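**Student:** give me a model of this one.
(4 chains, ligands or ions: 2)
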Amino acid sequence: MPFIPHTEDDTREMLAAIGASSIDDLFDEIPQQLLIRSLDGVPPALSEMEISRLMRERAAQDGAPLCFIGAGAYEHHIPQAVWDIATRGEYYSAYTPYQAEASQGTLQTIYEYQTMITELTGLDVSNASLYDGASGLAEASLMAVRSNRKAKSGRILLAPGVNPNYEKVAVAIAGSQNITFERLPMNAVTGNAADQLDAGTSPVALVIQQPSFPGTLEDVDRLTDWAHENGALVIAVVNPLSLALLKAPGSWGTKGADIAVGEGQPLGIPLSSGGPYFGFMTCRQEHVRQMPGRIVGRTTDLEDNPGFTLTLQAREQHIRRSKATSNICTNQGLMVTAATIYMALLGFEGLRQVALRAQQNTALLISKLTELPGVRRLYEGPHFHEVSIRLDRPIAAVLDALARRDILGGYDLGDALLVCATETKTEVDIDLYVDTLRDILATRDLRRA
Amino acid sequence: MPFIPHTEDDTREMLAAIGASSIDDLFDEIPQQLLIRSLDGVPPALSEMEISRLMRERAAQDGAPLCFIGAGAYEHHIPQAVWDIATRGEYYSAYTPYQAEASQGTLQTIYEYQTMITELTGLDVSNASLYDGASGLAEASLMAVRSNRKAKSGRILLAPGVNPNYEKVAVAIAGSQNITFERLPMNAVTGNAADQLDAGTSPVALVIQQPSFPGTLEDVDRLTDWAHENGALVIAVVNPLSLALLKAPGSWGTKGADIAVGEGQPLGIPLSSGGPYFGFMTCRQEHVRQMPGRIVGRTTDLEDNPGFTLTLQAREQHIRRSKATSNICTNQGLMVTAATIYMALLGFEGLRQVALRAQQNTALLISKLTELPGVRRLYEGPHFHEVSIRLDRPIAAVLDALARRDILGGYDLGDALLVCATETKTEVDIDLYVDTLRDILATRDLRRA
Amino acid sequence: MKTLIFEKSRNGRRAFAQAPSSVDDAAIPEALRRKDTPRLPEVSELQVVRHYTRLSRQNFSIDTQFYPLGSCTMKYNPRACNSLALLPGFAGRHPLGPVSHGQGFLACMYELQEMLKAVTGMQGVSLTPMAGAQGELAGVLMIQAYHKARGDLERNEIIVPDAAHGTNPATATMCGCVVRELPTGSDGDIDIAALKAAVGPKTAGIMLTNPSTLGVFDRGIVEVAKIVHDAGGLLYYDGANLNAICGKVRPGDMGFDVIHMNLHKTFSTPHGGGGPGSGAVGVGSRLLPFMPIPIVRATERDGATWYDWIAEDELPQSIGRLSGFMGNAGVLLRAYVYMRMVGRDGMRRLAEYATLNANYLQARLRDVGFQLAFPKRRASHEFIVTLKHEAREINLTAMDVAKALLDHNYHAPTTYFPLLVPECLLIEPTETESKETLDNFVAAMTAIVTEAKGGKSFKEAPYTMPVRRLDDVKAARQLDLAFRPPG
Amino acid sequence: MKTLIFEKSRNGRRAFAQAPSSVDDAAIPEALRRKDTPRLPEVSELQVVRHYTRLSRQNFSIDTQFYPLGSCTMKYNPRACNSLALLPGFAGRHPLGPVSHGQGFLACMYELQEMLKAVTGMQGVSLTPMAGAQGELAGVLMIQAYHKARGDLERNEIIVPDAAHGTNPATATMCGCVVRELPTGSDGDIDIAALKAAVGPKTAGIMLTNPSTLGVFDRGIVEVAKIVHDAGGLLYYDGANLNAICGKVRPGDMGFDVIHMNLHKTFSTPHGGGGPGSGAVGVGSRLLPFMPIPIVRATERDGATWYDWIAEDELPQSIGRLSGFMGNAGVLLRAYVYMRMVGRDGMRRLAEYATLNANYLQARLRDVGFQLAFPKRRASHEFIVTLKHEAREINLTAMDVAKALLDHNYHAPTTYFPLLVPECLLIEPTETESKETLDNFVAAMTAIVTEAKGGKSFKEAPYTMPVRRLDDVKAARQLDLAFRPPG
Ligand SMILES: Cc1ncc(COP(=O)(O)O)c(C=O)c1O
Ligand SMILES: Cc1ncc(COP(=O)(O)O)c(C=O)c1O
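**Tutor:** Ligands and ions are numbered 1, 2, ... in the order given. Next comes the predicted model:
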């Protein structure tokens, strides 16, 4: 019986203390016809040695391809200290810090995280995390509806560069509450919002993603001011690493964005097939009571020493139940711990170096790729570490051919290929990609490339 | 400057406090002609990201062959908890527990280790580790000379089954102190000590290895009694895992062995190209003051609560200097921590299961191998998890051929092959070995096999 | 010891090994550039390691303390689950990588889906929800989609017992439903009469846990299911308490149409100081078309099994996507490893021993004088003690006991939940704790009451924690949610 | 909290996930079988995790405290060194695996040898010694072998300064040599006259550290080397203090013939609560033929570099093998990673900043009134404070200060070593500590002396550790070296 410490003596004594004659007795209030006798769908137990071997084989089975995919999740170097510390039992196996006095480690860490992420986004307050970037946009939309009381339309406008999956998630989660999402028209040359925009009737909020999903840099100042002029709040969707180079949402336009959300994964979280990551959310002070999720505050104890505790809990489901700002309970705490350690290790200068290196690796990759015949950029203009390119061959088939040579060449946008080279890529890696692609493009039958 | 926290301001202020105008000033007592200006032999610094990639490539470069080599180091499953805990900063980055009050964690762990390893070997006291099994034999030999005052010959007898490398190490380390090592004659059928033995003049000690290096089981009772009758002490060299099945040194013969040493690696230590492992050493109470190395004792504190501290330090180099029992200072502490956790997790029953499984895997392997043409056992008799086999082809060439197919087929004894299948091997692994060997043996030119 | 990392910061200090070798400036237009310098800490690697290592030590955790936190299933998190989920091939896999480069990972996910189906008795499983609450959301959205697909458009009421976890009503609201609260009978079971009165043509469904958060198994569950189904509603099972019945009874067999599972409870993925979790959902046949995507499929291909994703257009009625990719994949891997290690028989045994521990602790606490909320009932894997007498007579509240227990080196049980039991402690020992631990816990509980009877007040407990009792009111009134350096 | 793991044991309890599925009995003859059952603990996996996690927290460590332990170089151990050394390809490699399956590992070892040669200015390096003391043994054995090979058979004296570490004289004895102790001059340098008197035809060699354990660089080193060489002896360099001069001065250039390096000091492999370390040895040209085996060699083969071992018969004069395999390979990998991360310039900088920190701390402590052992000298990477006045006047000994510092959350400096300085503290801050830490340490030292002057006694310190001051005399008199259950 793995993980069960009971000896036969223990079981006997415990049953005696209960006054039961067998463990089955303890289940005697359950209608007998419901009890099952065996669980054929679950295989017999493996020892740790056996499962370790199985998992090692499965993890190794798919090789270690060279990956140029981004599209919302990014390969970065994660300093070893990050997870060495985050997986210490005291962080890893702790519960939500409801008993503040016995949870100061987690609470102070979150308080530090809140500080760092508000500094990075240039906004006032942060929660302790949401599930991920995409669901973060859903929560931000619901929050905007609560915050922007004047706008009763339920209309949330999306800049053209918002990640389509984020929109899908927002629709799925927030869609049943009479909220609609509408895309602004696009300027086909820049990939950004069109020059002439019509806000329609009392929009609740405008969502601006920077860098945009296809890798362009949006004119955030103009859009922010335009939204505010039209009575809409501004929800920024940002890659936190990009904020080492790009203007913080709190500084967008004249007044700054109202809410910022995004995927925290670039801050020290492994790619891990898509999760666990964490969604961050920061906002202006005035909206704090509409914020979903846990929030940590600094206060004092009986002896007037500083200490940390969960606060503003009256927003949350365990207190406010059906009137809570959200149903979120378990969040992505451990990821926040890791991200905090990551940010502390890197500091702003370290983040800037990582961002710069990623920007330049991508610039190098793009300049080499666009020298290949038939390869050109989809949109003009500056970029961070991701760019959309056109090929004159079917993208899916090219990607397949690359994958067969253990290169994951990017994300298939249908009409274009979204490529990304973070700081983890060397010039050798980039050349390997370019040379392999050249080779493939030179092949007539891509299935044989 | 990796790992150096000084800001320019710090450096300036610190130099001012010292009254120096530059860091170079601090080296002004060093003869100037000795100062070097650069270190061409060391490459420029790599970031953690760069060295991580390099090391991952190097670690992957040699594949993950299926390994049937033992010969003193054994592949075992190591429960994940062992190193998760042993590499916690508090164990990993602590110093030798000289300040007992600030080192109770390490000290209690060693005390528990001493308890476990004495229970396992059936002897009274243990030290806190030696470097490895081989150097452990050297120390045991020196210790025997000190303990057995009556025997002045300096002659240490070795049973035929003692690991030849252990003998080499003992000669290198202890050889300058007028100690000689002599092998007892062998019975060519069993591989064990000959039936008729002559002890010669006042031997200091007899070293018996169980299981023997070529994998036989020695008649330890007879040899132990014979040694004692001849005034020699008995030094047991044992695989600690084998003690889950085999008689403990403390029970050998009528009086038991006097000293037991061995390689602690099978107790949760990774193979890691040969180290760090740890040498264990236990002995009868009467020899404790001749023991080399650190020893932890339980005592009480000012409030009469129990606590742990290094004890009998008057044996050690930092107190007794040129008259110490050994020069050992830094030992293999972290490995002992890991081994303690390993033994606690497995318990005696768990060790027994591991040992049984290894024994039976090896039995299966041998029975299948000896069905191949030209393959037979070198010695008769029972075995633990290692057996010597004869081939009618050149061993080195066969091993090369196996290695090319990513099977490490055993250890080359010159005239035989020493093979081992621990609990980590499945029947599929064993069949793969047997089938591959069949294939190779059927090939005329081994260089092409 | 309360120093913030920011207070250790010095201009120009760095953890240099972590920065890529420096590069020139970026080609980013002036107007889009960041000009200010956010105040992230500037510290050395040693400072970071020391700071967060020390902080971690200010936490209680399963690896250091007994944690009898009802409803949370704080059981041992096997260390192997973590390390195997972080194997480079798993940790480094990009979520949008092709399935050709994810067969090992997808095999685990597929088998996890199958095992969860077996354990719950459901027909389909989607692993995507990222916590219990998101599983609930998925479930209620599926219930809505089901009614809508049938043209049954008026059903917008979700019935929720008063003992329910807060996420249940909060979820219903998020889905745009109206919550109807259902009272509990005095024996802890659902009040059948009240249920009959509550159901009707507006009933979309009911959200239940069984055993409930009152720590008892609802004996009338078969009838409850019939009443709701007869009224045209569906039954949602909150799987937070699955540890009590795993391998013994299956929600599918009880009549539930949809279930979420908290893999971070029953299947022992760690709570991580607040998350991440996983709220995989299982559905009966009626809801199969509505499951959230993505879902893993296995097909035979050239004699071998091939894994891929069910494409969006193959499940056109799906409620859609709930996460950017596929949910908390790394958590799912941990749950997979745990389930394989526990295995077929272990699944049943964990429920049995969790139940044994709870009933034993309940009996022992009753014997030393604590009042049980439902003294005539068997405990499930948890049970409730009410301190209403102690609060009245010796001024010892549930909160006081909770804080006093910290000084005994035990985490507090869940307090003041469920809301309907006054001064309650919801106690869940889990199967991974030994009898000695439970006995010692009883001794601590007894000592606290004895001292309180002797006149000792615990209003200022705890005394031995890194901080004394914290001022929550001040925290909420004088909001200090981020450190800003003075000046 | 002092409960032993054995006291948590219960008959039949197990960590079941760790046992291979059970098998039948072994085919072992009755007479060889074990019949008794050793009392290893019978505990669950959670109990083990909790027990050793909690125990670990009773340690001071670099990751949690400042550790100014002179002679030990307790600097930050980068976490990456550990994880990279434990990569499966390294951790799983069998020591007797063929070189065809060890090229990656051997490349690291070869490059490590080369880097160590560069740093020390020696001609050859063998990585095999498993700690400093074993490196010393190797060194003295090589010196003996050298004399013997030349037929110079009378040289059996090893000269050792009185300030030397205990391993130096102990090693000489282990090699069968006679130890001659050499006095130190009042300025901390070797007494040249005494040295001249000591050397002669029996001199095998001298064992020195420079900078010495007195924390000063011996200014007469060139003359010392000449005197010893002229007398026919060789110079052994104890590399424990290499951190002070790394990249600045090289033992080879000073005239040393053989050196050991404590990679667990200068190159930051962890001390692990007592080990493992590594005592790699470097030699000048005279001793090349005598190096201990194994040693890694690089050759060109088909245009690529090929690594293998120098075979035993290629080095027939070798002093032989010192370990079962090749020494502490995993420690060597950690040192390799560290050296590559620190790099060419970092090598020099670590000495510079270690020296800066020591001189700063020395100046600050002097300024607040502590007496330095060598006030006129520069500190190397460490320095000595003597409390002989305090001991006499306010009854505050070095031991008292050491214990009092623990209550300030600082590990004690090295006490009562070197033996020739009364009531001494040997203080080594290392380069990885920040100025603030040093300033806080000065404040703690000042507070202790101030309190002692005010009449406070520290004879019973520490007060805040898991135990109070321990009875060492009782420990030695009433030996309790293993737990045996009562009865
Ligand atoms: C009964 C019950 N239902 C639902 C939940 C919500 O699950 P989660 O926290 O994973 O969102 C919890 C746990 O907190 C719970 O205990
Ligand atoms: C000066 C000096 N020499 C030699 C040694 C011995 O080294 P080790 O402990 O690695 O055997 C030490 C360290 O303890 C030391 O400080």
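**Student:** could you pull up the residues touching the residue nearest the centre of chain A?
**Tutor:** For chain A, the residue nearest the mean C-alpha position is residue A:263 (2.7 Å; C-alpha atoms, centre = their mean). Neighbouring residues of residue A:263 by C-beta atoms under 8 Å, 6 or more residues apart in numbering or on different chains: A:72-73, A:132-134, A:136, A:239-240, A:277-279, C:324. Any C-beta I mention is one placed from the backbone N, CA and C, and that applies to glycine too.
**Student:** specify the beta-bridge partners of it.
**Tutor:** residue A:279 (DSSP bridges).
**Student:** pLDDT score for it?
**Tutor:** On pLDDT, residue A:263 comes in at 98.
**Student:** residue C:4 touches residue A:114, doesn't it?
**Tutor:** No - distance between residue C:4 and residue A:114: 11.4 Å, which falls outside the contact criterion (C-beta atoms under 8 Å).
**Student:** wait, isn't residue C:429 in contact with residue C:357?
**Tutor:** Yes - if you go by C-beta under 8 Å, residue C:429 and residue C:357 touch, sitting 4.2 Å apart.
**Student:** what touches both of those two?
**Tutor:** Common neighbours of residue C:429 and residue C:357 (C-beta under 8 Å, 6+ apart) are residue C:438.
**Student:** rewinding a little: adding pLDDT and secondary structure, write the contacts of residue A:263 out as TSV.
**Tutor:** Formatted as TSV, the contacts of residue A:263 follow (pLDDT from 0 to 100; DSSP: H, G, I helix; E, B strand; the rest coil):
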residue	pLDDT	secondary structure
A:72	98	coil
A:73	98	coil
A:132	98	coil
A:133	98	helix
A:134	98	helix
A:136	98	helix
A:239	98	coil
A:240	98	helix
A:277	98	coil
A:278	98	coil
A:279	98	strand
C:324	97	coil
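**Student:** ok so, going back, more neighbours: residue C:4 and residue A:114, which one.
**Tutor:** Higher neighbour count among residue C:4 and residue A:114: residue A:114, with 26 against 17, using other C-beta atoms under 10 Å in any protein chain shown.
**Student:** which ones are touching that one?
**Tutor:** So residue A:114 contacts A:125-128, A:295-296, C:481-482 (C-beta under 8 Å, 6+ apart).
**Student:** for the nearest residue to it once chain neighbours are set aside, give its distance to residue D:290.
**Tutor:** What sits nearest to residue A:114 in space, not counting adjacent residues and going by C-beta to C-beta, 6 or more residues apart in numbering or on different chains, is residue A:126, at 4.1 Å. Counting by C-beta to C-beta, to the nearest Å, the gap from residue A:126 to residue D:290 is 65 Å.
**Student:** of the two, which one has the most company?
**Tutor:** More neighbours surround residue A:126 than the other of residue A:126 and residue D:290, with 30 against 25 (other C-beta under 10 Å).
**Student:** so residue C:291 sits right up against residue C:320, yeah?
**Tutor:** No - look at residue C:291 against residue C:320 with C-beta under 8 Å: they stay out of range, at 10.1 Å.
**Student:** against ligand 2, how distant is the residue nearest to residue A:114?
**Tutor:** For residue A:126, the distance to ligand 2 equals 48 Å [C-beta to the nearest ligand atom, to the nearest Å].
**Student:** who does that residue form a beta bridge with?
**Tutor:** Here residue A:126, judged by DSSP bridges, has bridge partners residue A:282.
**Student:** residues contacting it?
**Tutor:** Neighbours of residue A:126 in contact, by C-beta under 8 Å, 6+ apart: A:113-114, A:117-118, A:280-282, A:295, C:481-482.
**Student:** go ahead and confirm residue C:335 touches residue C:270.
**Tutor:** No - between residue C:335 and residue C:270 there is no contact under C-beta under 8 Å: 10.7 Å.
**Student:** okay, the closest residue to residue A:322 other than its chain neighbours: pLDDT?
**Tutor:** Nearest residue to residue A:322, sequence neighbours excluded (C-beta to C-beta, 6+ apart): residue C:169, at 3.7 Å. Note for residue C:169: predicted pLDDT of 96.
**Student:** and the residue of the stretch 51-200 of chain C found nearest chain D, what does it touch?
**Tutor:** Of all residues in the stretch 51-200 of chain C, the one sitting closest to chain D is residue C:76 (3.9 Å; C-beta to the nearest C-beta). Residue C:76 makes contact with A:3, C:62, C:268, C:430, C:432, D:44-46, D:49, according to C-beta under 8 Å, 6+ apart.
**Student:** and which of those residues is nearest to chain B?
**Tutor:** Of all those, residue D:49 has the smallest distance to chain B: 5.4 Å, by C-beta to the nearest C-beta.
**Student:** so which strand or helix has that closest one?
**Tutor:** Counting by DSSP states H and E, the element that carries residue D:49 is helix D:45-56.
**Student:** and the contacts of the helix or strand that that helix is followed by?
**Tutor:** Per DSSP H and E, the first helix or strand lying C-terminal to helix D:45-56 is helix D:79-85. Helix D:79-85 has contacts (C-beta under 8 Å, 6+ apart) with A:79-81, A:84, B:48, B:51-52, B:55-56, B:59, B:87, B:92, B:272, C:17, C:49, D:90-91, D:268-270, D:330-331, D:333-335, D:337-338, D:341.
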